[in-house]
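1. Sequence and predicted structure, then a few things I'm wondering about:
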Amino acid sequence: MEKRTVFSGYAIPLALLAPQLLITVIFFYLPAGQAIWQSFQLEDAFGTVSQFVGFENYKLLFERPEYFKAIGATAVFSVLVGTLSLALSLFLAVQANKALKGASFYKTLLIWPYAVAPAIAGVLWLFLFQPSMGMVARLLQQWGIPWDPLLNGNHAMILVVLAATWKQISYNFLFFLAGLQSIPHSLIEASAIDGATPLRRFWTIIFPLLSPTTFYLIVVNVVYVFFDTFGIIDAVTHGGPAGATTTLVFKVYNDGRSGGDLGSSAAQSVILMVIVIALTAIQFRYIERKVNY
Amino acid sequence: MSSISRLALLAATALTVTAGSARAQTEITWWHAMTGANNDVVNKLAEDFNASQKDYKVVVAYKGSYADTMQAGIAAFRAGNAPHILQVFEVGTASMMGAGKAIKPVAEVMAEAGEKFDPKAYLPAVAAYYSTAKGELLSFPFNSSSAVMWYNKDAFKKAGLDPNNPPKTWPETFEAAKKLQANGHATCGMASAWITWLNIEQFAVWHNVPLATKGNGLDGFDAVLEMNKEPFVRHFKNLAEAQKTKVFDYSGRTNTGEGRFTSGECPIMLTSSGFYGNVKANAKFDWANAPMPYYPDVPGAPQNSTLGGASLWVMGGKKADEYKGVAKFFAFLSDTDRQAKLHTESGYLPITLAAYEKVKASGFYNQNPYLETPIKELTNKPPTAISRGIRLGNLVQIRDIWAEEIELILNGSKTPQAGLDAAAERGNVLLRQFERTVTK
Amino acid sequence: MVEKETAFSKYMPHVVLLLGVLIIFLPVWLAFVASTWDPATISNGKLPLTPGPYFIENYKRILFSGTSSSTREPVWSMLGNSFIMAIGVAVGKIIISILSAFALVYYKFPLRRTVFWFIFITLMLPVEVRIFPTYKIVADLGMLDTYHGLIIPLIASATGTLLFRQFFMTVPDELLEASKIDAAGPFRFFKDTLVPLSMTTIAALFVIQFIYGWNQYLWPLLITTKDSMQTIVIGIRKMIVTQDALTEWQLAMATAVLALLPPVAVVIGMQKLFVKGLVETEK
């Protein structure tokens, strides 16, 4: 990863790095440090009284079932959104790759949800599935499905999964399509001559060749589901019913809201930071390897 | 090179504290949570006040829901940027009272500014709720409401119910809802907005049963929840039973489900009396409201209801001159004519006795009996030690916990007893935490 | 094509794709439809699949007079704020990250690896996780209710730096060697060689960051207190959350439609550059 030829001196690189470093220190390291400090404190909402409580906030967190419930909800949510959005977008990308002439046309029609704010995506889906006025909700009820995301945790989960998947398909689609288009045609033809069926060809030749893309997308999707879906959950379910859609990030925000339990919220932030740094390291190793090719 | 100097400039501006420019007028900021017709009322009040004098300028900002507004106010205080006036819903009252230096009692603000102010001018129920045990008014009552039962008279007629004789007790209400459901309201016989406020907090006070020890928290921060008993358990059993058949249909934790009443879907809606303006504007049927139902075998029921709505808190750490402006503004708000108008336009309660008398004398209630229902509820009987109100710390978060457990009861995951046990147990954890951090 | 082309294999992908396109388009279409009806039709659950007669009325109201019931500002000012924020985030991030990536790739200096990790650890940690402490710092710096308060904390992440670094690593060393033979200094090399080569990456980053900035939700919600500083995403949230009042869905939906047009236009308008930059550099 090193360049053979470089410039020397270090006043200039430092000056070039200064803005980034300054912003990173002020808006990343300082608040992160404060979160760590706060996670050992018990404070009132207004920050006028605080006392050092050691690891109490962490201990309480792991003593209560709510935190494990949030971990569970996050896992279910991540797996569902990840699997659904990857599978659907791979399917669409394969179709687009077949439809040689129309590929770019479909690309245009499929990439735009990437640009929609998660909160707005949430509102759009909420509007469809809101039990008393949502069009889809009424259809479901007419078919005898007792659709009730306000009380039924599974329904609420389905709703946020749909909204989150909808938003993520375009991103995954772009990467899969690019991956598919970079597979040499001769390779596929060769296996066709060997008599492999299209489906077999896909699983034995194409899919393995796509695996770097798939791996990259899995990491990106996990991060997306962990963090960028906050707006969707806040707009659609507020984490309910009964915490069924409370993910870890939503819980950080919700517990710290109105200063209710800042210490616990900070402790949860710290745990999340550790998870994310681990994820970053994994992704980074992968990227490093790619660059070395 | 130029891009670097531009960057340096950017960084410099980023880090410079932008100094507020000097103004001849002193600005008083007021953060609120009012939407709909009441948003207009707030803006009109500020405009009128600003036009009435030239030393002060009240600047209003809508900050989202009640919880959002309180959240924004607290965050802003921590950051040294609090507004002068913050509208806080009644749920946040104990948290604000425990906030020490973060707030400045209204009585103090008025006294220091030399503004005429008499707590006795307020409806006793209203003044008592926002005062300390010693009777010092801490916040300025603004939009007060209570919980009532709204019902669709046309639907009642269709279902063969007497529209002028609404159900009084819970058993009668469930019966009525069943009939309504069978007559064109399959998805919802009745519903309740603000699920915890109606079915736990108001329910406790209305039945004169304790929700928590220490007079529901009014006598001390060491209150312990005890709502995992009768008649709460029975009530949630009935609700869960009715939920199965949609005789009762859960409509969310806040008031987002209120639209189901005005759209005609739910013929009975238990919610705030402050719903008035919207019913009036949007319901395309004949409607009315009635007091909340009660269980007749509970001794003393119905007792009295308690306050909802919000009050205006003055935040601490501001300049003396700014407090003077706040005092002037509150004096302006207390004016009897203004209060009377506020009441008749918004549907919130009149908060001064004079305003109530004035509206009463004008014969307004003869044409609009619905605005008097909450007042009658609040004053139904003289309050007892446990019906004065609810004042629990961290109640915003505790309400969320209660709502979670109620959702589990209603969707059949937990029995009413188990759900309420958990609601009390989890709520107590937060109460103890609040007790440890409160500024005495 | 490998197989013999039958009508089925020829048209099936198109059918499937069109179906996918339709399903993906459905929520937005219904939002548009809702924005052309009156509140009664919507709240009674009788919304049809075709636009209604209130298009002009609803859009005129949100664009020129604002909703009377919650966000009183006309949507114009919110759109303007979102635009400034999005452009600010995009441009700010491009500038700081291209400079720091240049330093990291083309200079050898003590502690380079440390600095490298110091920056990259922030790669994926979103504002949401450290929101309360960050808010306090922004307030201490007097940056509440300012555009730089909205923008600068959001450019404190390493995504852009990583993108440029990845790209610079693929730039042939010969280019720098040639430039050195011409006796060009680092800035001439940066300006004349590197920046022109990076245009695709810059475009990709611009699109990604523009959307990121435009779509921010929690951050502007917390740090803007004045109505005049609201962004459009916040405006929609405030329209939907109501107190003792009904949600004016037709206006919220009209606002949602307006809010998603600009970022969608950017993505589609800069599609080629964006896709190329995104796929080639992120991989």
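-> Thanks, I have it.
2. switch to C-alpha atoms for all contacts and neighbour counts from now on
-> Fine.
3. got the residue ranges for the strands in the stretch 301-440 of chain B?
-> Applying DSSP state E, counting those that start in this stretch to the stretch 301-440 of chain B gives strands spanning B:308-315.
4. Who's the closest spatial neighbour of B:Ala72, skipping the chain neighbours?
-> C:Leu222 (6.6 Å; CA to CA, 6 or more residues apart in numbering or on different chains).
5. what about the one you found, how many neighbours?
-> Using other CA atoms under 10 Å in any protein chain shown, C:Leu222 has 22 neighbouring residues.
6. Was I right to think it contacts B:Met70?
-> No: using CA atoms under 8 Å, C:Leu222 is not in contact with B:Met70; the gap is 11.6 Å.
7. How about the stretch 51-200 of chain A: which residue is closest to chain C?
-> A:Met133 (3.8 Å; CA to the nearest CA).
8. ok, so what distance separates that residue from chain B?
-> A:Met133 is 9 Å from chain B, where distance means CA to the nearest CA, to the nearest Å.
9. OK, contacts around the closest residue in space to that residue that isn't next to it in sequence?
-> Spatially, and ignoring its direct neighbours in sequence, A:Met133 is nearest to C:Gly45 (3.8 Å; CA to CA, 6+ apart). Taking CA atoms under 8 Å, 6 or more residues apart in numbering or on different chains, we find C:Gly45 in contact with A:Ser132, A:Met133, A:Gly134, A:Met135, A:Arg138.
10. let's see it at 10 Å
-> A:Gln130, A:Pro131, A:Ser132, A:Met133, A:Gly134, A:Met135, A:Ala137, A:Arg138, B:Ser263, B:Glu265 (CA atoms under 10 Å, 6 or more residues apart in numbering or on different chains).
11. Over to it. Which of the three states is it?
-> coil (DSSP: H, G, I helix; E, B strand; the rest coil).
12. what's the residue nearest to B:Ser272 when sequence neighbours are not counted in contact with, if anything?
-> Among residues not flanking B:Ser272 along the chain, B:Ala147 sits closest, at 4.4 Å (CA to CA, 6+ apart). Taking CA under 10 Å, 6+ apart, we find B:Ala147 in contact with B:193-194, B:197-198, B:202-203, B:270-275, B:290-292, B:305-309, B:373-374, B:377-378.
13. and the stretch 251-400 of chain B, which of its residues are near chain A?
-> By CA under 10 Å from any CA of the partner chain, the residues of the stretch 251-400 of chain B that approach chain A are B:251-253, B:257, B:259-260, B:263, B:265-266, B:393-398, B:400.
14. Stretch B:228-243 - what's its average pLDDT?
-> Mean pLDDT, stretch B:228-243: 95.
15. chain center to it: distance?
-> From the chain centre to the centre of stretch B:228-243 is a distance of 24 Å (CA atoms, centre = their mean, to the nearest Å).
16. Output the below-cut-off pLDDT ranges for the chain.
-> All of this is about chain A. For chain A, residues meeting the criterion pLDDT under 70 lie at A:1-2, A:4, A:100, A:258-260, A:284, A:286-293.
17. Can you look at chain C instead?
-> Where chain C drops to pLDDT under 70, the residues are C:1-5, C:66-72, C:123-125, C:241-246, C:280-283.
18. before we move on, the earlier item: show me the residues around the residue nearest to B:Ala72 that make contact.
-> B:63, B:68, B:71-73, B:75-76, C:131-132, C:135, C:144-145, C:150, C:234.
19. which one of the residues you listed sits closest to chain A?
-> Using CA to the nearest CA, the contacts of C:Leu222 come closest to chain A at B:Gln71, 4.1 Å.
20. Quick one: list the elements packing against the helix or strand containing the closest one.
-> According to DSSP states H and E, B:Gln71 maps onto helix B:66-78. Helices and strands touching helix B:66-78, by 3 or more CA pairs under 10 Å, 6 or more residues apart in numbering or on different chains; DSSP states H and E, are strand B:26-32, strand B:56-62, strand B:85-89, strand B:308-315, helix B:395-410, helix C:131-140, helix C:218-223.
21. That one vs strand B:308-315, what angle?
-> 10 degrees (axes from the mean of the first three to the mean of the last three CA atoms, to 10 degrees).
22. what angle separates helix B:66-78 from strand B:26-32?
-> Using the same axes, to 10 degrees: helix B:66-78 against strand B:26-32 is 140 degrees.
23. Helix B:66-78 to helix B:395-410, inter-axis angle?
-> 150 degrees.
24. Could you find the closest non-adjacent residue to the residue nearest to the spatial centre of chain B?
-> Residue closest to the average C-alpha location in chain B (CA atoms, centre = their mean): B:Gly309, at 2.6 Å. Distances taken as CA to CA, 6+ apart place B:Ser144 nearest to B:Gly309, at 4.5 Å, with adjacent residues excluded.
25. Check B:Glu47 too.
-> With CA to CA, 6+ apart, the residue lying closest to B:Glu47 is B:Val58, at 7.9 Å.
26. ditto for B:Phe156
-> Per CA to CA, 6+ apart, closest to B:Phe156 is B:Pro163, 5.5 Å.
27. can you give me the strands in the stretch 101-250 of chain B?
-> Under DSSP E, counting those that start in this stretch, the stretch 101-250 of chain B gives strands at B:103-104, B:140-145, B:147-152, B:191-192.
28. Can you flag the weakest of these by average pLDDT?
-> The bottom spot among those, by mean pLDDT, belongs to strand B:140-145, with a mean of 89.
29. And stretch A:7-22, how far out from the chain middle?
-> 33 Å.
30. try stretch C:189-202
-> 23 Å.
31. So which bits of that stretch are buried?
-> C:Phe189, C:Phe190, C:Leu194, C:Ser198, C:Thr200, C:Thr201, C:Ile202 (16 or more other CA atoms under 10 Å in any protein chain shown).
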